[in-house]
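[1] Structure for this input, please:
(chains A and B)
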Amino acid sequence: MKHPEQNQHGLAGLPGFARVFDGPGVWMEGNATDQIASVAALPGCLRVAGMPDLHAGRDFPIGAVVATQDVVYPLLVGGDAGCGARIVVTNEDHVSPDKLERRIRRAWEESIFEDVEPSRLFDAAWSQGPAGLLEVDGVPEALRRLAALDTTDDALPPSGDPSRFRAGFEGALGSIGGGNHFAEISKVSHVVDSEAGKTIGLEKNSLVALVHSGSRGLGAALFRAWCARPLVGAEIGAYLGELAGACRFARTNRLVVAYRLLSALSALRAGAIRGSFDVTHNDVRAELVSGAPAWIHRKGAAPAYESAFTVVLGSRGAPSWVMKGNGEEASLRSVAHGAGRRMGRTEAREKVRARYHRAELSRSPGGGRVICDDKDLLFEEHPDAYKAIEPIICALEANRLATRVASLVPVVTVKL
DNA sequence: ATGTAC
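    Reported below is the predicted structural model:
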């Protein structure tokens, strides 16, 4: 096992139970490592694992996993409970980018749930996740088929009253959201582990729907309700019950966004889908650490249980990597969720604006397209504003957190 | 990251 003094970014001052899993070429800002130190000092903190995409958040770092005993910190989950990523692998392998772009714009203008009672939809997503869609009248048949493929294992059943958070968010299902959230059709470029890849149908040139999104306003409302203080005793269960509802809502949201992408790709008919998985980036789960139960807070980090699939998101334009977890306890069984920001949004707007013409911004470095009508977002989410993905993937492999399965190169990225 | 207010 590596010792903390072997970390490369001046972390010698950290206690031994806090580690950052970085590597050669991984850029790391000082603020982020300072925030790791403040998290390590929280009462009840057992272990802290910084992922290679670690970057500074407002109060606490993003790309971090925190194990605690007897206390749960809603602040460490943050304002977008249940944010995560879904992949749906299709058996399509060719598409015209022009046609796809037109069809995506049309798919985003269409209403999916015209004949559906909004509160029924919200309650079903909260309490059962995608499976809940099967029980709501008016949900399109092809969306039901997609929902039936969801096999995600939930940490805990939801509890609490969904109507406490329902008002105003009934229409959020199927929306991408802002910031770094996106939806994308990407193409499998390199298959490194074909054995693992074929279990979800990943082959060279397979087209894949990739969605990074969260619980929208619901997560923000949950945060406002719980963020004031650390939780102990019975409050923990009450929070985790509502957190589970937000996580299921977010997972359902990703599925509905994937449905939009797949409809634009004409890949909704029975048999067009080869495989699918979903991972959550912001959550709390009970897991064992050194054989003892602990509360594992993941903030901008995905579980990497042994042999479980995960996807490490490229900034839009850079490849994403499907990886297979190693269940490595030293890293609290986690991996990075993406490339991680390198510039703040204000800095990115200024620097990227100076570097590129507008027309260049609607194309990815790899030739993919970007559908986004918000100019500021094009600057803020430009690949230059993010760390390079390759050193991050290398660091994940070198630290034995996860291994590569296949890379996904963007064809059309949607931020609508 | 968010919905809303400035």
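
[2] wait, what's in contact with residue A:103?
    When contacts are counted by C-beta atoms under 8 Å, 6 or more residues apart in numbering, residue A:103 touches A:263-266. (C-beta placed from N, C-alpha, C; glycine too.)

[3] er, residue A:239 I mean
    Neighbour list for residue A:239: A:72, A:74, A:226, A:231 [criterion: C-beta under 8 Å, 6+ apart].

[4] Could you give the number of residues near the closest residue to the second one other than its chain neighbours?
    Think residue A:74. Among residues not flanking residue A:74 along the chain, residue A:226 sits closest, at 4.1 Å (C-beta to C-beta, 6 or more residues apart in numbering). Residue A:226 is surrounded by 20 other residues when neighbours are defined as other C-beta atoms under 10 Å.

[5] what's the answer for the one 4 residues further on, then?
    Around residue A:230 sit 17 other residues, with neighbours defined as other C-beta under 10 Å.

[6] Give me the neighbour count for the residue in the stretch 1-150 of chain A positioned nearest to DNA strand B.
    Taking C-beta to the nearest atom of the strand as the measure, the point where the stretch 1-150 of chain A comes nearest DNA strand B is residue A:79, at 3.0 Å. Around residue A:79 there are 19 other residues, counting by other C-beta under 10 Å.

[7] Residue A:164: which of the contacts of residue A:239 is nearest?
    Set against residue A:164, the nearest of the contacts of residue A:239 by C-beta to C-beta is residue A:226 (11.7 Å).

[8] From residue A:284, how far out is the closest one?
    As for residue A:226, its distance to residue A:284 is 11 Å (criterion: C-beta to C-beta, to the nearest Å).

[9] Also residue A:130?
    Residue A:130 sits 21 Å away from residue A:284, going by C-beta to C-beta.

[10] what's the answer for residue A:365, then?
    Spatial separation of residue A:365 from residue A:284 under the definition C-beta to C-beta is 36 Å.

[11] Those two: which has the busier surroundings?
    residue A:284 (27 against 12).

[12] who are the neighbours in contact with the closest residue to that one other than its chain neighbours?
    Nearest residue to residue A:284, sequence neighbours excluded (C-beta to C-beta, 6+ apart): residue A:297, at 5.1 Å. Taking C-beta under 8 Å, 6+ apart as the contact definition, residue A:297 lies against A:65-68, A:72-73, A:76-77, A:283-284.

[13] and these, which of them are in strands?
    The members of those that map onto strands under DSSP state E are A:65-68, A:283-284.

[14] Just the closest residue of the stretch 151-300 of chain A to DNA strand B, please.
    Distance from DNA strand B to each residue of the stretch 151-300 of chain A (C-beta to the nearest atom of the strand) is smallest for residue A:177, at 2.1 Å.

[15] Confirm for me that that residue is in contact with residue A:216.
    Yes: taking C-beta atoms under 8 Å as the contact criterion, residue A:177 and residue A:216 are neighbours in contact, 5.6 Å apart.

[16] Have a look at those two and say which one is more surrounded.
    Neighbour comparison, residue A:177 and residue A:216: the larger count goes to residue A:216, with 25 against 21 (by other C-beta under 10 Å).

[17] check contacts around that one.
    By C-beta under 8 Å, 6+ apart, residue A:216 lies in contact with A:169, A:172, A:175, A:177, A:250, A:253.

[18] Report whether the last one is found in a strand, as I expect.
    No: counting by DSSP: H, G, I helix; E, B strand; the rest coil, residue A:253 is located in no strand; its state is helix.

[19] gap between it and residue A:141?
    20 Å.

[20] next one: the third one
    For residue A:175, the distance to residue A:141 (C-beta to C-beta) stands at 22 Å.

[21] cool, and residue A:232?
    Here residue A:232 is placed at a distance of 47 Å from residue A:141 (C-beta to C-beta).

[22] quick one: low-confidence ranges for chain A?
    Across chain A, the ranges flagged by pLDDT under 70 are A:1-13.

[23] Which residue lies nearest the spatial centre of it?
    Closest to where the C-alpha atoms of chain A average out (C-alpha atoms, centre = their mean) is residue A:84, at 2.6 Å.

[24] excluding its backbone neighbours, what's nearest that residue?
    residue A:280 (4.0 Å).

[25] interface residues of chain A facing DNA strand B?
    Taking C-beta under 7 Å from any atom of the strand as the test, the list of chain A residues beside DNA strand B reads A:58, A:79-80, A:83, A:168-169, A:172, A:177-181, A:213-214, A:216-217, A:219-220, A:223.

[26] Just the buried ones out of those residues, please.
    The neighbour-count test (16 or more other C-beta atoms under 10 Å) marks A:79-80, A:83, A:169, A:172, A:177, A:179-181, A:213-214, A:216, A:219-220, A:223 as buried among the residues of chain A next to DNA strand B.
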